[in-house]
Every structure is written in C-alpha cells, then in structure tokens.
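Novice: need coordinates for the below:
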Amino acid sequence: MSVHPRMREESAWLEISTESRNQTTLDLDQRSTLGILEALNDADRSAPDAVRKVLPTLAGLVDAAAESIRNGGRVHYFGAGTSGRLGVLDAAELKPTFNLPEGVVVAHQAGGEAALTRAVENAEDSWEDGAEAAAGVNEGDVVVGIAASGRTPYVGAALTTGRERGAVTALVTCAGNPELGPLADYVLAAETGPEVLAGSTRLKAGTAQKLMLNGFSTALMVKLGRTWSNLMVSVVASNEKLRSRTVRILMEATGQPEEACRDALEGAGGELKVALTSMLTGAGPEACREALEIAGGSVRAAVAALTRS
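Specialist: Purely as a prediction, here's the structure:
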C-alpha cells in the first residue's frame, strides 16, 4: 500500500478545521446527558448554512452531470469511511426512488463491501486502490470525490485518474482550501469547522456531506425528467406499500378518484408514467409509452408533445 507523497505529513492534519479541537466543548465529558445532546444539536445547525454557501457550485455540477448522463456517461462516487458510506447510501436510493438504471450512478467505497459495516481504517490511505477503483471511468463521466478532510489519498487517486481519463471531477468536502481542491473542476467546500467531539467527522461534517449528496442526486433526477411537479413518478412499485403509493401519486397528480387511477394503472400495465401521461392527455397507453421514450422519460415533455400533435 502506498500513500501519495503529498499526504504523508501528519502535522498537516493539525491545520484542517474538521480535525481541530472545538474550544466550546472542552467540558463535554462533564456535561449532563441533555447538555451533550444540546451541544451536538447546536453544532448540527451549522451544517445547512455551510451547505447553502456552496449551492451555486453544486448547481454547476448538477448541470454537468445531467449533460454527462444524457450523453451516455456515468457518475462515480469515491470515498472512504463515513464519507464513502454516505456515497453508497445516496447511490443505492436512486433505483427505488427514481427507477434509475443500474450503473448510472456508481459508488466506490475504500476497502470494498467489508468497509460498509466495519471500519477498514487503512483503506483510505492507498493511492493504488483509489486509482484501481477509478480504472473504469470513461471520458465524459463525472467523478465525485467525497472527503471531509479534503486530503484522503484514495479519493485523490480517483480524482487524478478521472481527470486523466477526461472525466469531470468534483470534491465534496468540509475543509476550507482542501488539499485535493486542485484536482477538482467543482470544489464543494462546506466549511463546518471543528466537531463537538474532535475529529469525529461523522457528526456535522457527515451531515453537511449528506445534504450536499442528497441535493446533488435529487436535483439531478429532477433535471433528467424523473419527476413530475414534485412527485416521484418514476418510483418502482416493488411492494404493496409502494403500489399503494403509486395510486396516491396518480390521484395527487390528476385530481381523479382512486378507482379511475387504479383503472389507468391497470391499463398501463402498472407503469405510473404511462398512466399519468395518458390521464393528462387522453392518449392511449402505447402512444404515451412511445412519447415517453422519445422524451427520455420526461412526463412533462411527453405531455407537451402529445398535446401539440
């Protein structure tokens, strides 16, 4: 295992705000249980404000990723420890929520699957592992490195390899002036500062990273036409709860009664987008299915096309 030379200086960690000691919680172990929880909650409130400052940069990344996917590209998340697990969680939710095909947004965790349920602490230090994990990145893909400290070697190698292969690169971090910043086209540095428990970046730094990833993937799915209004019309009805949800979504979207929506779903073979497009336009399921395919799955674009014709 090799650590990139630029990342071997242990003293550099002392300069990273996410690793610094929080001067307001020096008495943490002397506080009441409620006092500990209040300190954590007070700190967590800073995460949304820190994320708010990077939204313009995040918007640029969303648009770049949408263009990439429309052109056949993929989005890759790379991270270690908590940062990597947050990437895995975000990617895993896109299939059931938006019916996104497998392999469009891919999460790579340092240490592999074993690291999802137990700490593999040295995995983040391997430059070779990061480069190997990014070996499948293609020109036009998007590589998103997730590193609270902004200096994780595994992530640095993935960003370097991604850039060499012609990918768009981004860094999701909670450190100001992150060491890996020069490797990223989009630097999302939500500066959350020292943790209540020094160095425990699963706390407010993790919260900020989750907010950035949730915002990125949700906005990306909206831009790709996988919603209609603010409804999850691409949801996969894989169980009874979700089948009931598709009926409720159709009722919300059309204002029609439950029976009419169930009939429309049955006529559409259970495909919510087809049923919705049909109810909004009066066109038959086959015409709606064809219009949706031409429109890249966007209900709004399919409805507009069928209304014009």
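Novice: now for this protein: which helix has the highest residue count?
Specialist: Counting by DSSP state H, the longest helix found in the chain is helix 204-223.
Novice: show the contacting residues for the residue most central in space within the chain.
Specialist: With distances taken as Cα atoms, centre = their mean, residue 213 lies nearest the centre of the chain, 3.4 Å away. By Cβ atoms under 8 Å, 6 or more residues apart in numbering, the contact list for residue 213 reads 77, 86, 87, 90, 146, 172. For the C-beta atoms, the positions are set from N, CA and C on the backbone; glycine is no exception.
Novice: which parts of this protein are helices?
Specialist: For the chain, the helices defined by DSSP H occupy 33-44, 46-52, 55-70, 81-92, 94-98, 127-133, 153-164, 204-223, 240-254, 258-267, 272-281, 285-294, 299-308.
Novice: picking up where we left off before, distance of the residue nearest to the centre of the chain from residue 43?
Specialist: For residue 213, the distance to residue 43 (Cβ to Cβ, to the nearest Å) stands at 20 Å.
Novice: and if you look at residue 298?
Specialist: 40 Å.
Novice: do the same with residue 299
Specialist: For residue 299 relative to residue 43 (Cβ to Cβ), the value is 41 Å.
Novice: out of the two, which sits in the more crowded spot?
Specialist: residue 299 (26 against 22; other Cβ atoms under 10 Å).
Novice: dump the residue contacts of the closest residue to that one other than its chain neighbours.
Specialist: Using Cβ to Cβ, 6 or more residues apart in numbering and skipping the chain neighbours, the partner closest in space to residue 299 is residue 228 (4.2 Å). By Cβ under 8 Å, 6+ apart, the residues touching residue 228 are 253, 273, 276, 299, 300.
Novice: reformat the residues you listed as a markdown table; add distance to residue 17 and pLDDT.
Specialist: Shown next, in a markdown table, are these (distance: Cβ to Cβ, whole Å; pLDDT from 0 to 100):
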| residue | distance to residue 17 | pLDDT |
| --- | --- | --- |
| 253 | 45 | 95 |
| 273 | 45 | 96 |
| 276 | 47 | 97 |
| 299 | 44 | 96 |
| 300 | 43 | 95 |
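Novice: got CSV for those, with distance to residue 164 too?
Specialist: Listed next are those as CSV, based on distance: Cβ to Cβ, whole Å:
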residue, distance to residue 164
253, 45
273, 39
276, 43
299, 39
300, 38
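Novice: thank you kindly, that will do.
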